[in-house]
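J.: fold the following, please.
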Amino acid sequence: MKQARFSTMVVAGALVLAGCSDQGQEREPEQSTTASSPTAPAGPSRTPASPSTVPPGKAGAPRGGVVKGVLPQNASSVANAYAVTVYTQDTRLDASPNDAARRARGWMTPDLARSYATGLPGSGGEPWRQLAAAGGYTKVSATEVDARQENGLRVGRDVLVTVNRLRGNGQPLGPPDTVLVSMVLVRESQTAPWQVLKVDLS
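T.: Predicted coordinates:
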């Protein structure tokens, strides 16, 4: 699997990909769970905010859909929702790929979520500019490929994400891209919801 034409930028802090603790986010059409193709698509910024930042975009549901039916006490369900959401971008709403990560804040730890509250560096680079020029958006699917249990309060999940970039008319903008998202999830107690603590890409 090649790493990408898409720039993969993600917040440092508790994470190396992306994305606060709004458990009540709206979640609409459920995403499918399939994956194929090489290359890693653009993700949110991996560095803390600096003087040169991109402000947040607009609120709304992306054309690629939002995940529904997430089970907060199921680590795999939360990991899948997070991975799909951070790559579901919509240039009608988003100022940069960071806005997709902001929509995933409901599945992040509070510290990680706070890091997305303001403008972040990272414009998305050439892949984002191409998507924006086409008035496009992404449609994402994901498949869990590994599950690790460290203890009752900390687990690992690897999710293979497939990103289809589409023009404003829904036609493909190049071939699909894939990225392996490796996450650590934590919870405060046996009955608390799982939250994404940190993420690595490969």
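J.: give me the pLDDT for Ser52.
T.: Looking at Ser52, its pLDDT stands at 72.
J.: with the one 10 residues further on instead?
T.: Predicted confidence (pLDDT) at Pro62: the value is 98.
J.: now it: how far from Pro121?
T.: Pro62 sits 22 Å away from Pro121, going by Cβ to Cβ, to the nearest Å. For every residue, glycine as well, the C-beta is placed using N, CA and C.
J.: compare those two (neighbour count), which wins?
T.: Pro62 (22 against 18; other Cβ atoms under 10 Å).
J.: which ones are touching the more buried one?
T.: Thr88, Gln89, Asp90, Leu93, Asp94, Ala100, Arg103, Tyr137 (Cβ atoms under 8 Å, 6 or more residues apart in numbering).
J.: how about it, secondary structure?
T.: Per DSSP: H, G, I helix; E, B strand; the rest coil, the secondary structure class of Pro62 is coil.
J.: then the one 3 residues further on?
T.: Three states are possible here, and by three-state DSSP the one that applies to Gly65 is coil.
J.: what ranges do the strands span in the protein?
T.: 137-151, 154-166, 177-186, 195-201 (DSSP state E).
J.: in TSV, list the ones you listed along with mean pLDDT.
T.: Shown next, in TSV, are those (pLDDT from 0 to 100):
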stretch	mean pLDDT
strand 137-151	97
strand 154-166	98
strand 177-186	96
strand 195-201	91
